Structure formats: structure tokens, C-alpha cells
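>>> Sharing a model that was predicted from the sequence below.
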Amino acid sequence: MLVSLLRRLIQATFVLVAMTVIVFLGVNVIGNPVDILISPQADQAERTRLIAEFGLDQPVWIQYFEFVKGALQGDLGTSYVFNEPALKIILQHLPATLELAVAATLMSVAIGIPLGLYAGLRPKSLPTRIIMAGSILGFSLPTFWVGMLLILCFAVYLGWFPSSGRGDTVTVFGIPWSFLTLDGLQHMLLPAFNLALFKTSLILRLTRAGVQEVMPQDYIRLARAKGLSNRRIVAVHVLKNVLIPVVTVVGLEFGSIIAFSVVTEKIFAWPGMGKLIIDSINVLDRPVMVAYLMIIVVLFILINLVVDVLYTILDPRIRLNAGRGR
């Protein structure tokens, strides 16, 4: 277990180094931020001074090594627009994105797994056909269209939920959280549901496929022969085996929610990292763009490590195979 985890950490280090090169070079070929940040009436001397101040007069490889040197010290650069550390700006918006991602993930798991179990255990029933048809809609409907439809129905016509913003927050350990207030929960529900719709359909169909694969297995027949109740068979034998691929998908999809919640945050004016990165791209705020992408890379690496650990907990065969490999 320890050797496997150490091997994963070494692999994660190489991935992180490779991504710093890709991210930094990729961002630096996008336009010239000076053209946006400085007035068109400014003379050449002012342009030269600003370029030197941002370090844009240096070769790209020198800029990269300066970036790596600063990153090792926790400095990912200073925002051109806010004139504050880019990492600080990202971390200020991270809690809003995290709580939205957690809410969407919990919602998709709470809905997707029970419906998937039902659809797998009763594949020919009428409710199962309705559930599977609904999952197709969840896959097919565009996120931006569903978001606007939710706002139109539940915020404009019915007036049940607010259409934008984060609502009231409660500060805990210096971090504002909106899920701790009723107003914050009301603001969170629509964007969280919008993010959860596709994930729910994915988890539902994956759970259903897992149930249909597990039910004909010999150990299920043996459990029935022992006289175990259907509830115990499903809870102990079926669900545990079905959860192994589901955990992987939930982990990766949680990372994708954090990374790609841009559309939802923009539609609902949710003040998270997604909205911040769109605003930063519009003004070519390179340090914020690089900091955002590096935070996303680190989050995906950490999520993969957590998923690997959960694998070994859910499936002892993984530990046995690792031991034989050594």
C-alpha cells in the first residue's frame, strides 16, 4: 500500500512538472495583455515601461523559470488587473466553486445511485423505462439552455428561488460559506441542480449497468441459497461491487465540475473560479489564468490519489495484486 502510494506521488510530480510547461507556454501564446490594459493613446515609452514591469520583455524560457521559481515559494504571479497575488485571488473564489461542486456531486449521487439500483433490479418495469428516458434527456440537454430554463421557470415565473448571486454567507475560519444560511442554500439550489443533471444521468446508467453485471454472478446465487434477504444481498453484495466503478467516475466528475463549471457560474452569476477565469480571459490576465489552471491540475492529481486509496478500501483484491507485484 505504502509503496503503491509513493509510486503514485512520483508519477503525480512528473505530471505536475509537465503541466507547468504546457500551461505556461499555452497561456503565453494568447494575445498581448498590454494591448488591453494600456490606453491606445499611450506613447511608446509608457508601453515599454509597462512591458518591462510585467516582465514580458524577457524570453519565454526565462519567464517560465521565473514562474517555476516563484511557484516553489507559493507565488504564482501578480494579477495585471487586481494588482494582487494571483493565488490569493483564486483562493478567494475557490470556496464558492467548491461548495457548488460538492452540492452538485451529493445531489447526483443521492439521486443517481438509488434510481440506478432500481433500474438494474427491475429492468423491464415501466418506471425503469421512464427513468432511462429521463437519463437520455440529462445527457442531451445543453447546460446553458437548462440553466436559462431553470431561471425562467423557478425564478421569473414561480419566484421560488433567486436567479443569481451567492446569497448570505457565514464566515468560518475566515472563509465565507453560503450553505450555512437558508438564503445561501436557496441561491445554490438551481446552479447545483444544473451541474448535477448530466452527472446524475451518468451515475444512474453506470449503476444500472453494474447491477445487471453483478446479479448473474455465482456469489449472488450463493447468497440467495444461504437464505439471505434481497435487501441484504443488494446492500452488502451488489452495492459494494457496483460502487467500485462509481467511485472512480464520481471522483473524476467532481474534478470536472470544479474545472468546467464556467457556463453555470456565468449564467447564475455565481462568484466562483469559473466566472473569474472568464473575466480574466477577457482582459488577458495571464497570472490569474495560469494560477487557475495550475490549481485545477493539483486538484485533479489529489482527486486521483484519493480515488486510488478508496479503491483499495472497497476492493481488497487490489491490495492482494499489489502485494504479488512486489
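That came in fine, so what should we check first? Residues are numbered from 1 along each chain as shown.
>>> Determine how far the helix or strand hosting residue 8 lies from the middle of the whole chain.
Taking DSSP states H and E as the definition, residue 8 sits inside helix 2-28. Distance, stretch centre to chain centre, for helix 2-28: 18 Å (CA atoms, centre = their mean, to the nearest Å).
>>> Equivalent analysis for stretch 166-177, please.
The answer for stretch 166-177 is 20 Å, by CA atoms, centre = their mean.
>>> in that stretch, what's buried?
166, 167, 169, 176, 177 (16 or more other CB atoms under 10 Å). Where C-beta positions appear, they are placed from N, C-alpha and C, glycine not excepted.
>>> What's the separation between residue 182 and residue 229?
Look at residue 182 and residue 229: by CB to CB, to the nearest Å, they are 40 Å apart.
>>> Repeat that for residue 249.
For residue 249, the distance to residue 229 (CB to CB) stands at 29 Å.
>>> So if I had to pick from these two, which one is more boxed in?
Set residue 249 next to residue 229 and count neighbours by other CB atoms under 10 Å: residue 249 wins out with 16 against 10.
>>> what's the following helix or strand after the helix or strand that contains residue 109?
Residue 109 is part of helix 86-121 when elements are defined by DSSP H and E. Remark: after helix 86-121, the chain's next helix or strand is helix 126-140, criterion DSSP H and E.
>>> quick one, that next one and helix 86-121 angle?
150 degrees (axes from the mean of the first three to the mean of the last three CA atoms, to 10 degrees).
>>> hmm, who's touching helix 126-140?
Defining contact as CB atoms under 8 Å, 6 or more residues apart in numbering, one finds that helix 126-140 is touched by 115, 118, 119, 122, 197, 198, 200, 201, 202, 204, 205, 208.
>>> For this protein, which residues score under the pLDDT cut-off?
1-5, 26-44, 46-47, 50-51, 53-57, 311-326 (pLDDT under 70).
>>> Domain ranges for it, per the record?
31-75, 86-325 (automatic domain parsing).
>>> if we can go back for a sec, now the contacts of helix 126-140: which count as buried?
Here, 16+ other CB under 10 Å leaves 115, 118, 119, 197, 198, 200, 201, 202, 204, 205, 208 buried among these.
>>> quick one: secondary structure of the fourth one?
This points to residue 197. Secondary structure, DSSP: H, G, I helix; E, B strand; the rest coil: residue 197 is helix.
>>> I figured it hits residue 146, correct?
Yes - the pair formed by residue 197 and residue 146 meets the contact definition of CB atoms under 8 Å, at 6.2 Å.
>>> what number of residues lie near the residue lying closest to residue 122 once chain neighbours are set aside?
Spatially, and ignoring its direct neighbours in sequence, residue 122 is nearest to residue 128 (5.5 Å; CB to CB, 6 or more residues apart in numbering). Neighbours of residue 128 under the rule other CB under 10 Å: 17.
>>> and residue 128, how far is that from residue 227?
Taking CB to CB, one finds residue 128 at 27 Å from residue 227.
>>> With residue 309 instead?
Residue 309 is 35 Å from residue 227, by CB to CB.
>>> ok, those two, which is more surrounded?
Using other CB under 10 Å, the more surrounded residue of residue 309 and residue 227 is residue 309, with 14 against 7.
>>> And that one, how far from residue 117?
25 Å.
>>> just residue 279 next, same as before
Going from residue 279 to residue 117 by CB to CB gives 42 Å.
>>> and those two? which has more neighbours close in?
Per other CB under 10 Å, whichever of residue 279 and residue 117 has more neighbours is residue 117, with 20 against 13.
>>> give the contact list for that one.
Neighbouring residues of residue 117 by CB under 8 Å, 6+ apart: 207, 208, 211, 234, 238, 239, 242.
>>> Tell me the one of the residues you listed nearest residue 273?
Closest approach to residue 273 among the contacts of residue 117 (CB to CB): residue 207, at 29.6 Å.
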